[in-house]
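what shape does this take:
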Amino acid sequence: MMPVIAFPNIDPVIVQFGPLAIRWYALAFIAGLLIGWKYIQKLITKPPHAMDNAQVDDFVVWATLGVVLGGRLGYVGFYNLSYYLENPLNILTVWQGGMSFHGGIIGMIAAMWLFSKKRSLNFLAVCDVVAAAAPIGLFLGRIANFINGELFGRVTDVPWGVVFPHGGPSPRHPSQIYEALLEGLVLFIVIYFLMKNETIRRRPGIISGVFLVGYGLSRAIVEFYRQPDAHIGFLSGGATMGQMLSVPLFLLGIYLIWRPGPRV
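Below you'll find the predicted structure:
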């Protein structure tokens, strides 16, 4: 019999007060936002000083709206459009789950562009400090996915396979942990060291490009081990929706890294 790891079976609800429930995913979102906020405040003390502290404080609200609205609308449009066209009121039921990172990044880009334009800031410099902090939220979010026993991997015989409560009796790849390590920890470390180089910091767009390339590659790799959404399955050539949506992010990242840009 192959070795397997028992799912820790942590209650996704941390504490509940009547109808109000505090869940691990909500805590991960809030923690990622707060830690990222403080980290950005540290990053802006170095050239090119993308924002000041007061502007970072204001941007937190914009970022929250961009991620939540973009993530939800992205899920609706990319993953289950036909269902929501028939049940439009269910678009508002975010507490039932359904968020897309690719939609969230589109929402965040829109929020950064509008905020930068309103405050007369360098758009790409703002993108860079936000991109440097983004892996923090990604790491915490994927850990929350694991605790919830959702977005698990494909059936496997590796020694670290996990039997998830909603994944049947067979052990599966803990793909949420793979994503937490690649999209979160590894990407954070790479960008952390790049941000120490003032020449790179003064070329707005490079850090954002590295983030997009790193995320696109990480997501594409992990998708080979992650179970596709049941209502979508595999697409043309055996690709998954996550891989297809990561291609434009990867290409945009390459462009930002190699484009000739002014030094600030």
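
and L217, how far is that from I200?
19 Å (Cβ to Cβ, to the nearest Å). Placement of C-beta: from N, CA and C, glycine included.

strands of the stretch 1-150 of the chain, start to end?
5-6, 13-17, 20-23 (DSSP state E, counting those that start in this stretch).

nearest to A180, of those?
Closest approach to A180 among these (Cβ to Cβ): strand 5-6, 15.7 Å.

Provide the strand pairings for that closest one, with the direction of each partner.
strand 162-163 (parallel) (DSSP bridges).

quick check: next helix or strand after the strand it pairs with?
Next helix or strand after strand 162-163 toward the C-terminus (DSSP states H and E): helix 175-179.

pull the residues that contact that following helix.
138, 142-143, 145-146, 150-154, 218-219, 222, 225-227 (Cβ atoms under 8 Å, 6 or more residues apart in numbering).

6 Å - rerun?
With Cβ atoms under 6 Å, 6 or more residues apart in numbering as the test, helix 175-179 has contacts from 142, 145-146, 151, 153, 222, 225-226.

likewise stretch 55-63?
Under Cβ under 6 Å, 6+ apart, the answer for stretch 55-63 is 37, 40-41, 111, 115, 119.

same question, stretch 98-116
By Cβ under 6 Å, 6+ apart, the list of residues contacting stretch 98-116 reads 59, 62-63, 66-67, 69-71, 73-75, 78, 123, 126-127, 245.

filter those residues down to the buried ones.
Buried members of those, scored by 16 or more other Cβ atoms under 10 Å, are 59, 62-63, 66-67, 69-71, 73-75, 78, 123, 126-127, 245.

in helices only, show me those residues.
Residues of those located in helices (DSSP state H): 59, 62-63, 66-67, 69-71, 73-75, 78, 123, 126-127, 245.

low-confidence stretches in this protein?
The chain contains residues with pLDDT under 70 at 1-3, 95-97.

quick one, helices of it?
Under DSSP H, the chain gives helices at 24-43, 53-79, 81-86, 101-119, 123-148, 175-179, 187-194, 198-201, 206-222, 241-258.

I10: which of those is closest?
When the helices of the chain are compared by Cβ to Cβ, helix 123-148 sits nearest I10, at 4.9 Å.

give me the packing partners of the closest one, helices and strands only.
helix 24-43, helix 101-119, helix 175-179, helix 187-194, helix 206-222 (3 or more Cβ pairs under 6 Å, 6 or more residues apart in numbering; DSSP states H and E).

got JSON lines for those, with mean neighbour count too?
What follows is these, written out as JSON lines (neighbours: other Cβ atoms under 10 Å):
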{"stretch": "helix 24-43", "mean neighbour count": "17"}
{"stretch": "helix 101-119", "mean neighbour count": "19"}
{"stretch": "helix 175-179", "mean neighbour count": "23"}
{"stretch": "helix 187-194", "mean neighbour count": "16"}
{"stretch": "helix 206-222", "mean neighbour count": "23"}
